[in-house]
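S.K.: When you get a sec, could you give me coordinates for this:
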Amino acid sequence: MVWTVFNIVSQQSAAINFHGVLITSLDFNWKWINSSLYNFIGSKTVQNPRTKRIINRLFSHYYFVYYLGIFLSKIVPPMIRAETSCFGKNGCYPAVFGALGSIFMMSWIVFLIGKIYYKDERISDENVILKFFGCIKHALVTKMKSSSSEERKEHWIEYAEGRYSLEFIDDVHTVIKITKLFIPLPIYYALLAQQDSSWTFQASQMDTTVFGFRIEPDQAKAMGPVFLFTMIPIWTYLVTPILKTCDIEISALKSMVVGGFVSALSFICAGILQIEINSSVEKTVNILWQIPQFFLIMFGELLLSIPGLEFAFKQAPESMKSVLTAAFFINNAFGNLIVVLITEIKL
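M.R.: Predicted coordinates:
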């Protein structure tokens, strides 16, 4: 992850190098850095005319490294937990936290070392997010205080005129329109999170012996990242060019819709598999039967998340790219909240 940023910024080449990913990508599940890192890479790429043409592929590269980190995080921690012991017990969870914390610190140090190659940008003293919500608040308050005799505005955000510039109001209006398209995303991310919960529990009810080797139930979910970072280059460098030669171009929004339906199919497969598990002798259904649901959920991720990030970055006004990208990523948090609420009320 960090080395990818390093290469884009320092070399500014048309190709994105992935050396060093094995060391630094384990920490890529840390969602709080996603929006900042994403805009950091995107802004550096857009600024350089030589690399501007690869902006479409940038999002695929970003997700490739992202899911490579997820893949390693699903394989390595269970191995560390199973192979170590502490406090007189087998299975040492503190060793897992210690190892991942050390790797994160290593990646952060690598990122800081590359700082000498990063081009400093002039940053406004204003807090864009506070200004964004301040504009919305002022518009709503002004609208509620306005009398019926006053001229009605075409859109309620226009009531912020006077305190905020027309250009900024227009940018806020654009962000509001785009974020409406993100409303279904929390449901999608709530379903995506089932890989780490209900699908792992399902794996624990199955025969986990594959070609003579026994795997841990919580390692089975590594199938998802394997599928995704296999599909990304095939889709980017093979399928998409073929579609373009046939004058077929799938827009980001259409791709997101199809991705949502494909993801839903994965849960139909999971449901059918669970019915078979419940009707069979305990742990006789092999874990390889989870392959279809993992393939579909990752194909849906390919069609939904990557175009979604691309859409958010391209459509956002220049001053609002970080705001809109953060709005896209925060849907993941809302999805996790939905999972927590459903779990608490035991639906």
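
S.K.: Could you identify the longest helix within the chain?
M.R.: helix 55-83 (DSSP state H).

S.K.: For stretch 244-262, measure first residue to last.
M.R.: This stretch, stretch 244-262, spans 22 Å end to end (C-alpha to C-alpha, to the nearest Å).

S.K.: before we move on, back to that, after the longest helix of the chain comes which helix or strand?
M.R.: For helix 55-83, the following helix or strand on the C-terminal side (DSSP states H and E) is strand 85-86.

S.K.: average pLDDT for the following helix or strand past that next one?
M.R.: Heading C-terminal from strand 85-86, the first helix or strand you meet, by DSSP H and E, is strand 89-90. Mean pLDDT, computed over strand 89-90, is 74.

S.K.: Describe which strands strand 89-90 pairs with in its sheet and in which direction.
M.R.: When pairing is defined by DSSP bridges, strand 89-90 lines up against strand 85-86 (antiparallel).

S.K.: The partner strand: how far from the chain's middle?
M.R.: Per C-alpha atoms, centre = their mean, to the nearest Å, the displacement of strand 85-86 from the mean C-alpha position of its chain is 34 Å.

S.K.: Flag the shaky bits of this structure, pLDDT-wise.
M.R.: Applying pLDDT under 70 to the chain picks out residues 1-57, 59, 118-125, 148-150, 346-347.

S.K.: thinking again about what came up before, counting neighbours, show which residues of the longest helix of the chain come out buried.
M.R.: 57-78, 80-81 (16 or more other C-beta atoms under 10 Å). The C-beta positions use only the backbone N, C-alpha and C, and glycine is treated the same way.

S.K.: What separation is there between Thr325 and Leu192?
M.R.: In this view, Thr325 and Leu192 are 18 Å apart by C-beta to C-beta, to the nearest Å.

S.K.: mind saving the C-alpha coords of stretch 276-285 as CSV?
M.R.: In CSV, the C-alpha atoms belonging to stretch 276-285 read as follows (Å, rounded to 0.1, in the frame of the first residue of the first chain):
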residue,chain,number,x,y,z
GLU,A,276,-28.1,-28.7,2.8
ILE,A,277,-25.9,-28.5,5.9
ASN,A,278,-28.8,-28.6,8.2
SER,A,279,-30.3,-31.7,6.5
SER,A,280,-26.9,-33.6,6.3
VAL,A,281,-24.8,-35.4,8.9
GLU,A,282,-22.7,-33.1,10.9
LYS,A,283,-19.6,-31.8,9.1
THR,A,284,-20.0,-33.9,5.9
VAL,A,285,-20.6,-31.1,3.5
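
S.K.: which other residues reach that stretch?
M.R.: Gln202, Gln205, Met206, Asp207, Leu273, Trp289 (C-beta atoms under 8 Å, 6 or more residues apart in numbering).

S.K.: now swap in stretch 242-261 and tell me
M.R.: By C-beta under 8 Å, 6+ apart, the surrounding residues in contact with stretch 242-261 are 181, 184, 188, 299-305, 307-308, 310-311.

S.K.: Let me see the domain layout of this protein.
M.R.: Here the domain parsing of the chain from the TED database is 1-123, 128-164, 165-346.

S.K.: Kindly confirm whether my reading is correct that Val128 touches Ser322.
M.R.: Yes. Using C-beta atoms under 8 Å, Val128 is in contact with Ser322, at 6.9 Å.

S.K.: Tell me which of these two has more neighbours.
M.R.: Shown here are Val128 and Ser322; by other C-beta atoms under 10 Å, Ser322 has more neighbours (19 against 16).

S.K.: Shouldn't that one be within a helix?
M.R.: Yes. Under DSSP: H, G, I helix; E, B strand; the rest coil, Ser322 falls within a helix.

S.K.: how much space is there between it and Ala160?
M.R.: Ser322 is 20 Å from Ala160, by C-beta to C-beta.

S.K.: again, but for Phe97
M.R.: 46 Å.

S.K.: Turn the contacts of stretch 242-261 into CSV, including neighbour count.
M.R.: As requested, these are exported to CSV (neighbours: other C-beta atoms under 10 Å):
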residue, neighbour count
Leu181, 16
Pro184, 13
Tyr188, 23
Phe299, 20
Gly300, 23
Glu301, 25
Leu302, 24
Leu303, 24
Leu304, 25
Ser305, 23
Pro307, 22
Gly308, 23
Glu310, 20
Phe311, 21
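
S.K.: Nearest to Ala333, out of the residues you listed: which one, please.
M.R.: Within the contacts of stretch 242-261, the smallest distance to Ala333 is 13.1 Å, found for Tyr188 (C-beta to C-beta).

S.K.: which element is the closest one on?
M.R.: helix 185-192.

S.K.: helix or strand right after that helix?
M.R.: helix 198-204.

S.K.: List the contacts of that next one.
M.R.: By C-beta under 8 Å, 6+ apart, the residues outside helix 198-204 that reach it are Pro217, Asp218, Ala220, Lys221, Ala270, Leu273, Gln274, Ile277, Ile287, Gln290, Gln293, Phe294.
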